[in-house]
Each structure stands twice: as structure tokens, then as C-alpha cells.
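A.B. asks: need a 3D model of the sequence below.
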Amino acid sequence: MAEKTAVVEIVPYDPQWKTAFEQIKEMIVCYIGDVIIGVEHVGSTSVEGLSAKPIIDLDVVMDSYDKLPIIVQRLEEQGYEHQGSLGIEGREAFRRKFQDEHMKYHLYVCPKDGKGYLEHIAFRDYLRKNETARNEYQKLKIRLAEQHRFDVDRYCDNKTAFITKILKETN
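C.D. replies: Below you'll find the model as predicted:
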């Protein structure tokens, strides 16, 4: 099972998140670069100026699910556990079995045409371009983190309406 966030903590944007992403990406590409299309920085840490939980989210993009068995095998050889979709269509989660030198991160493998991946990119790109939406989302995240500090599920659930509204605007 994915490691649950014990305490929801939102911190100001840190420019080092870009560097942390690049370091993790480089490591992942060494393991599976020849069987993937790319690695995308998604989630709030990928949006400059947006406060976030200090956890890097990475979407590893594969051409199709045909590539998943080799990806699972190679990542398992490197100390990752395949956790399945965790209830999210078009996304396969992986958890590092041991602490590495990188800051905390979530690793997902997605097909290039998968709903989860396409929504991550659309939401990220919208927030990067729209300062008003970015500020509104930041205020919501801070408020929800205060209200649901010890309940990450409620924190996430209460962001859904905002995210859905933005995704409708991206279509």
C-alpha cells in the first residue's frame, strides 16, 4: 500500500523542487529509459510559485501497457514495489522499498493516452499559465491543510471539485 501522508503540510514553493525532480528523473531514466517515452514532473511541486506538500510527483510515460511488464521487472530489481493502480485509472504506482538520497517522491507509470496522465498534464499546464487559478488553488490547499491536518484523504477529497472545474476548462 502507498505510504500515507501522516500530517498534511503545505510549504511555500521551493525552486529546489525542479532540481530534485531532475535528479530523480535521471535515476529513473537509467533504469528504464530505453522502454519509456519520457518522465514528467506533475503535481503542485511542478508549478512555479505554488505552495505544496514537499513531495515530488513523477509520471513516467510509456507507449502502451505492453511495456509495463519490463518496467515492473526493472523497477523491482532497483528496489521498487509495484502497487497497482491504487484505484486511479491509467496509472500504476510504485513505492521505493528503502529510503534513497532523494527527497520524498511519488512515482507513477502511465500510458501516453491514459486519463490520469492526460489530466495531470492538463491541470499542471493550466495552473502554470493562469495566476488567478493558481492563487485560488493555493488558498484552498492551505485552508484544507489546516482543516484536515491529520486526514490526507479528506484533504484530497475536498480538492476534487476545484480540480474537476479546472479540467472542464481545459477541454
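
A.B. asks: what's the first helix or strand after the worst-scoring helix or strand of the chain on mean pLDDT?
C.D. replies: Ranked by mean pLDDT, DSSP states H and E, the weakest helix or strand in the chain is helix 152-157, scoring a mean of 93. Using DSSP states H and E, the helix or strand that follows helix 152-157 in sequence is helix 160-170.

A.B. asks: so how far is stretch 35-47 off the chain centroid?
C.D. replies: Between the centre of stretch 35-47 and the centre of its chain there are 7 Å (C-alpha atoms, centre = their mean, to the nearest Å).

A.B. asks: re earlier: got the buried residues for the least confident helix or strand of the chain?
C.D. replies: Of the residues in helix 152-157, 152, 155 count as buried by neighbour count, 16 or more other C-beta atoms under 10 Å. Just so you know, the C-beta spots here come from the backbone N, C-alpha and C atoms, and that holds for glycine as well.

A.B. asks: from the contact counts, what lies against it?
C.D. replies: Judged by 3 or more C-beta pairs under 8 Å, 6 or more residues apart in numbering; DSSP states H and E, the packing partners of helix 152-157 are helix 131-147.

A.B. asks: can you list contacts of the helix it packs on?
C.D. replies: 8-10, 44, 47, 49-52, 126-128, 154-155, 158-159, 162, 166 (C-beta atoms under 8 Å, 6 or more residues apart in numbering).

A.B. asks: ditto for stretch 110-122
C.D. replies: Here stretch 110-122 makes contact (C-beta under 8 Å, 6+ apart) with 37, 40, 42-43, 57, 59-65, 88-92, 108, 167, 170.
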